[in-house]
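[1] With the sequence up front, the predicted model follows.
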Amino acid sequence: MRKRTPLRYSPNQKVEIFELEFLPHIHSIYNFAYRITFDEDDAKDLVQETYLKSFRFIDSFEKGTNAKAWLFRILKNSFINEFRKKNKEPVKIDYQEVEAFYNSDELNHMITSNLQVEAIKEMIGDEVSIALNSLEVDFRTVIILCDIEGFSYEEMALILDVPIGTIRSRLHRARNLLREKLKRYAGSMGYK
Amino acid sequence: MARREKLKNVKKPCPDHEKCIHVINLVIDGEANKDEEAFFYAHVRDCLDCAQYYKLEQSIRAAIRKKLEVKEAPEELIVELKKRVKDSFLNPSDDVS
């Protein structure tokens, strides 16, 4: 992930790295791209761009290191720098609203007491998906990277290019918001 | 069952729930250090508020991992990427972009 002196792989080595170290992660990369764009064609474009960039800059990748995190970082940069600007208005998070919600004194007690494990177990994939998808992209991203892809906080900090402290607080906020969404579903299902 | 009874008997609200929430999330994410783990085992499992929060967070994580549909990359995309990389290999002057 850090800048290194170009390693100058041979063409054969480049193809080998691409096929053995990069391609095995393509389904995770595609799934993430789909979860941040909500569109199969956009996801395909993002994945294609990510993989072509990975090949173009392959000399800056150190063989045998964390290819998955490296690819996710390229994808995140492509999404922020190009896709988001070209295709969509930048997603802005209303931090004032989030802070007000986050800082409410009884929040955690309220959510814990009103959302039960049984309700979560009863939910189907669509309900969980809608709740996750309704989060702003920055919050959705940390949940996916942590809970689905299993990245450590340190890896997430490298991928998203933010300090670990930001990862912790963003995850905390994302989880509070997700619980609130799930609680609403649980309420609609008759759980109290 | 004995454990459940024990938890039911703990009626006092958690004295420092915010700190516990922070530690519980670190433990579930595998990011807790030894001190935080020790705190977790010494307190959280015997505190009703924290035990509820811990179980709830675990169930949410499990729902996200197991219930969400996983989208797989289309086969034609994989074939196309392999082809473009191989083409640039056979003819290095070709730009993969």
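    The structure has been received and is ready for your questions. These numbers come from a predicted model, not from an experiment. Numbering: from 1, shown residues only, chains lettered A, B, ... in the order given.
[2] Whichever strand or helix holds A:Ile17: which residues count as buried?
    Taking DSSP states H and E as the criterion, the element that holds A:Ile17 is helix A:11-17. Across helix A:11-17, burial judged by 16 or more other Cβ atoms under 10 Å in any protein chain shown covers A:14-15, A:17. For glycine as for every other residue, the C-beta is placed from the backbone atoms N, C-alpha and C.
[3] Ramachandran angles for the closest residue to B:Gly30 other than its chain neighbours?
    Sequence neighbours aside, A:Ser152 is the residue nearest to B:Gly30 in space, at 7.5 Å (criterion: Cβ to Cβ, 6 or more residues apart in numbering or on different chains). Dihedral pair for A:Ser152: phi -80, psi 170, per degrees, to the nearest 10.
[4] Ok, A:Val162 next?
    Backbone torsions of A:Val162, given as degrees, to the nearest 10, read phi -140, psi 160.
[5] residue contacts, it?
    Residues in contact with A:Val162, defined by Cβ atoms under 8 Å, 6 or more residues apart in numbering or on different chains, are A:Arg170.
[6] Next, whatever residue of chain B ends up closest to chain A: secondary structure please.
    Nearest residue of chain B to chain A, counting by Cβ to the nearest Cβ: B:Ala73, 3.6 Å away. Recorded secondary structure, B:Ala73: coil (DSSP: H, G, I helix; E, B strand; the rest coil).
[7] need the contact list for it.
    A:26-27, A:29-30, A:44, A:47.
[8] What separation is there between it and A:Ile26?
    In this view, B:Ala73 and A:Ile26 are 5 Å apart by Cβ to Cβ, to the nearest Å.
[9] about what we covered before: filter the buried residues of helix A:11-17 down to the ones near chain B?
    A:14-15 (Cβ under 8 Å from any Cβ of the partner chain).
[10] quick one: pLDDT of the residue nearest the centre of chain A?
    Central residue of chain A (Cα atoms, centre = their mean): A:Thr141, 2.7 Å from the mean position. According to the prediction, A:Thr141 has pLDDT 96.
[11] swap in A:Leu177?
    94.
[12] so it is in which element?
    Element membership of A:Leu177 [criterion: DSSP H and E] is helix A:164-188.
[13] What residues of that helix count as buried?
    Going by neighbour count (16+ other Cβ under 10 Å), the buried part of helix A:164-188 is A:167-168, A:170-171, A:173-183, A:185-186.
[14] by contact count, what packs against that helix?
    If you count contacts as 3 or more Cβ pairs under 8 Å, 6 or more residues apart in numbering or on different chains; DSSP states H and E, helix A:164-188 packs onto helix A:95-103, helix A:107-114, helix A:117-122, helix A:125-133, helix A:137-143, helix A:153-160, helix B:17-28, helix B:48-67.
[15] What is the neighbour count of A:Lys121?
    Residues within reach of A:Lys121, counting by other Cβ atoms under 10 Å in any protein chain shown, total 11.
[16] Now do the nearest residue to it once chain neighbours are set aside: how many residues are near it, please.
    Among residues not flanking A:Lys121 along the chain, B:Ser59 sits closest, at 6.3 Å (Cβ to Cβ, 6+ apart). The number of residues packed near B:Ser59 is 19, by other Cβ under 10 Å.
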